[in-house]
Each structure stands twice: as structure tokens, then as C-alpha cells.
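A.B. asks: predicted structure and sequence below. I'll ask about it afterward.
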Amino acid sequence: MQGENALVMGMVVHETKESARAVATRLEQAARVRGIVALEAGPTGFPQEVSVVVGIGGDGTLLRAAGLAFGGDIPVIGVSLGKVGYLTDVAPDAIELLLDRLVAGSLEVNRRMTVAAIAPDGRTFVGINDVVLEKVMTQRVVEIGVEINARYFTTYRSDGIIVATPLGSTAYSLSAGGPVVDPELDALIMTPVAPHSLLSRSIMLSPDAVVKLTVAGERPVRVNLDGREAFGLEEGEVATIARGARPVRFLSLGCHPFPQAVRHQFGLDHA
């Protein structure tokens, strides 16, 4: 029988991969042996309060897990499905080590900055990877005016603009030509997507920079955070982008530091 003070672990499992379900079953069984209560997330979250959230799948699953954990300032950790990602640094064969260190309280705690987007109506949305302003009309570029720290910077004609955290630098920002940034740093990385401009490179800004993005033309844009649509903007409307009010806490075994994760992801192990 579980004690009243048993550690409660929330699990977010990749919805379509059978391998994720198998790993979740192994994790739940190993947790039970150690007196840990394992609960799986439902459509609206967990049925009771949890002490830690484990994402089982790829980096996308861990982002979903982190989104659930962030509201309650709960730490999160990712278990991969065999290939270690930038965020999921626990391999399936390290599950028992993960649980032992979780019980002992000896996991590393890494605080990673978040990014916030403020809509014209004052609502604030928080992302872990990035804020993306992108075109709604697929065949047309959009015009987005950029103001940084209350000073006009430029107006991009492009498919969109990404403002990423260092953790998100290896996601959409990277595919748009942005740099790979060590998540130990704090910064905002602004990258235009397919710009019609002489300035096509990313710009790394202070983590305390405030970026205002204004729809300068008649074509609307949508604003996504971590790949989920948050709100839309029409001509003349502004999205204000800045550091999130608090970081997200990731737990780690410390077995795959960032340079090694990059090496692995880019296939440099055999270079």
C-alpha cells in the first residue's frame, strides 16, 4: 500500500507510438516497486497533484509535458524512445537509474528561460521553444515591422518571424537558418523566415530585450507558441515578445551534456 507521502509522478506519453506505451508500462512498474505513484495525463491534465512530470516520446512530447508542468512550477524530465534528443536525455535502459535518483533527490536541475507573447487584448501566452509570427495566406509574404527596446529596427517582408529561446534554437529556428545556442545561455534569438531582405541572418538579443512585432501590411498573421496557435493579428496590431516571467525546470541525469547532444543529433559521432 502506498503511503500518504508517496512521491506522485505524472506521465505524458506519445499518443501514437507503441514503443512509448511499452516504455510507460515499464516506468510505471519500476516506479511501483519504489513506492512511487505513477499517473498518466488525461485531456485536461492529471487527476491529482504531481511532484514531477515525465514526458515519454520525443522532444515534442516533452514540450507538451513541460507545458502541463509549467503552470504549477513542477519539474519535468524526458525519456526517449531509443534516440536521445535535445530535451529527452534519459534512454529507456536508464529508467531504473532515473527513478533511484529521483527518490534520492540527486537529479540535476536545469532552469531554462521561457518566452512570452502579449496579444493586443493584453492576454499573455508563454512558450518554452519559440514564438512564431507566420503568414495565413500560403502564397503571400507578410510585412512585419520590428521594434527592439522601443527603437525601430526594420520591416521584414517574409514568410514570418521566429523569436526563440536558446532551448528552442534547435527547433524551427534552426530549420530557418538560425544558430545552435547552448541552453545554459539566456538570450532571445530572432530569425526571419525566408525574408525578402538583405538582412537574412538571425540576431541574438539580450534576454531582457522587448521586441514589438507589428503587422505592417494588409495580410494577417497568426501567432504560435511552441507550435500551437495562440492568437491572430490584423493590420496595425502588435505582438509584444519578451522573456517569460519565470523559467521552466528540467531534471537531468547529466549523461548527455548539450555539446554531446548536438554531436549525436547531427551525426558527428562517426565524422
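C.D. replies: Done, it's in.
A.B. asks: residue 222 contacts residue 136, correct?
C.D. replies: Yes: with contacts counted by CB atoms under 8 Å, residue 222 reaches residue 136, the gap being 5.7 Å. Backbone N, C-alpha and C define where each C-beta goes, glycine included.
A.B. asks: of the two, give the one with the bigger neighbour count.
C.D. replies: More crowded of residue 222 and residue 136, by other CB atoms under 10 Å: residue 222, with 15 against 12.
A.B. asks: how about the secondary structure of the more buried one?
C.D. replies: With DSSP: H, G, I helix; E, B strand; the rest coil as the basis, residue 222 sits in strand.
A.B. asks: what sits closest to it if chain neighbours are left out?
C.D. replies: residue 232 (5.0 Å; CB to CB, 6 or more residues apart in numbering).
A.B. asks: tell me how many other residues surround that neighbour.
C.D. replies: 15.
A.B. asks: tell me which strands and helices the helix or strand hosting it is in contact with?
C.D. replies: Assessed by DSSP states H and E, residue 232 sits inside strand 228-233. Here strand 228-233 touches strand 221-225, going by 3 or more CB pairs under 8 Å, 6 or more residues apart in numbering; DSSP states H and E.
A.B. asks: ok, and for the strand it packs on, which residues are buried?
C.D. replies: Using 16 or more other CB atoms under 10 Å as the test for burial, strand 221-225 gives 221, 223, 224, 225.
A.B. asks: then stretch 26-37?
C.D. replies: Neighbour-count burial for stretch 26-37 [16+ other CB under 10 Å]: 26, 27, 28, 30, 31, 36, 37.
A.B. asks: ditto for stretch 242-252
C.D. replies: 242, 243, 244, 247, 248, 249, 250, 251, 252.
A.B. asks: got it, and stretch 94-108?
C.D. replies: 94, 95, 98, 99, 101, 102, 107.
A.B. asks: returning to that earlier point: the residue nearest to residue 222 contacts residue 220, correct?
C.D. replies: Yes: between residue 232 and residue 220 there is a contact under CB under 8 Å: 5.9 Å.
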